[in-house]
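Enquirer: Give the three-dimensional model of this entry:
(one chain, ligands or ions: 1)
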Amino acid sequence: MRILIVEDEKKIASFLFRGLKEEHYAVDVAEDAAQGLYLADINTYDLIVLDIMLPDREGISVCRDLRNKKVNALILMLTARSSVNDKVNALDAGADDYLTKPFAFEEFLARVRALLRREHREKGNILKIDDLELDQVSHKVKRAGKEIVLTNKEFSLLQYLLIHQEQIVTRTMISEHVWNESFDSFTNVIDVHINYLRSKIDKEQPCPLIHTVRGAGYILKISDDNKKEILPKKRLAS
Ligand code: CA
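Expert: Here you go, the predicted structure:
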């Protein structure tokens, strides 16, 4: 889950940033509308937390702009005033919810969870490939009906691979979406976690799902080799 915070008040931005990171979300912060729009353009976010009063533009018009640009992320607006007009304008501009300042972090977090849950209900909670299933709400993972216990990082990594299944996922993509970091020395950490994940989901399985693409990254897919292995058995049976 990657979240963008667009907020010029440093205290609020850093308090949200730290809190969300502790909850294992990947988080970026933009200090004004221009930076926010830029980040939303180059990255894909699950949720954008958008302040209504930004130094360079009104948050409402930023929200409208995001929707016009077909940014699908959930948008939670932070309003300083509790005026009905602000709330109505925020929702009309395409925001999914709003929160009036000041707020407690617990309330903010509950809103974030509720929004993400609602989104998953609409899209379906379960991500699947072959006999591997990941429930995005209960956080349960199963392979061939057997439950697999993953750490938070392994879960996020597998979730990311499942969302992008059948596509090559580079280490840069993984570091930016799962770790919220983007420096070169990080690739070792990713390889180590991929190996942990492999040992949990692919070990002793006839069809490994995580494949290394040399010089590029990883891909989660049902490999062609596995499809071939099935064919001779069918021929024998007939
Ligand atoms: Ca502000």
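
Enquirer: that's a helix at Ala103, yeah?
Expert: Wrong residue type there; residue 103 is Phe, not Ala. No. Per DSSP: H, G, I helix; E, B strand; the rest coil, Phe103 lies outside any helix segment and is coil.

Enquirer: Share the number of residues neighbouring the spatially closest residue to it that is not a sequence neighbour, please.
Expert: Nearest residue to Phe103, sequence neighbours excluded (CB to CB, 6 or more residues apart in numbering): Leu78, at 8.0 Å. Placement of C-beta: from N, CA and C, glycine included. The number of residues packed around Leu78, counting by other CB atoms under 10 Å, is 23.

Enquirer: Let me know whether Leu78 touches Leu54 as I believe.
Expert: No. The pair Leu78 / Leu54 is not scored as a contact, 10.4 Å apart, by CB atoms under 8 Å.

Enquirer: Can you name the residues that contact Leu158?
Expert: Leu134, Val141, Leu150, Leu197, Ile201 (CB atoms under 8 Å, 6 or more residues apart in numbering).

Enquirer: So what's the residue count around the third one?
Expert: Right, the one you point to is Leu150. Neighbour tally, Leu150, other CB under 10 Å: 19.

Enquirer: Give me the contacts around stretch 72-81.
Expert: Contact with stretch 72-81 is made by 4, 7, 12, 40, 44-53, 59-60, 63, 66, 86-87, 90, 94-101, 103, 111-112, 115-116, 119, as judged by CB under 8 Å, 6+ apart.

Enquirer: Map the structural domains onto the sequence of the protein.
Expert: Split into domains by automatic domain parsing, the chain comes to 2-120, 126-230.

Enquirer: Quick one: mean pLDDT for the first one?
Expert: If you average the pLDDT over domain 2-120, you get 91.

Enquirer: likewise the shortest one?
Expert: When pLDDT is averaged along domain 126-230, the result is 86.

Enquirer: Confirm Val178 sits in a helix?
Expert: Yes. When three-state DSSP is applied, Val178 is found to be in a helix.

Enquirer: Which residue ranges of the chain form helices?
Expert: Using DSSP state H, the helices found in the chain span residues 10-22, 33-42, 59-68, 84-92, 105-123, 152-163, 171-174, 187-201, 224-237.

Enquirer: Does the ion have contacts with the second one?
Expert: By that I understand helix 33-42. No. Using CB under 5 Å from the ion, helix 33-42 stays clear of the ion, with a minimum separation of 10.4 Å.

Enquirer: Give me the distance from that helix to the chain's centre.
Expert: Helix 33-42 sits 17 Å away from the centroid of its parent chain (CA atoms, centre = their mean, to the nearest Å).

Enquirer: For it, buried residues please.
Expert: Buried residues in helix 33-42, defined by neighbour count with 16 or more other CB atoms under 10 Å: Ala33, Gln35, Gly36, Leu37, Leu39, Ala40.
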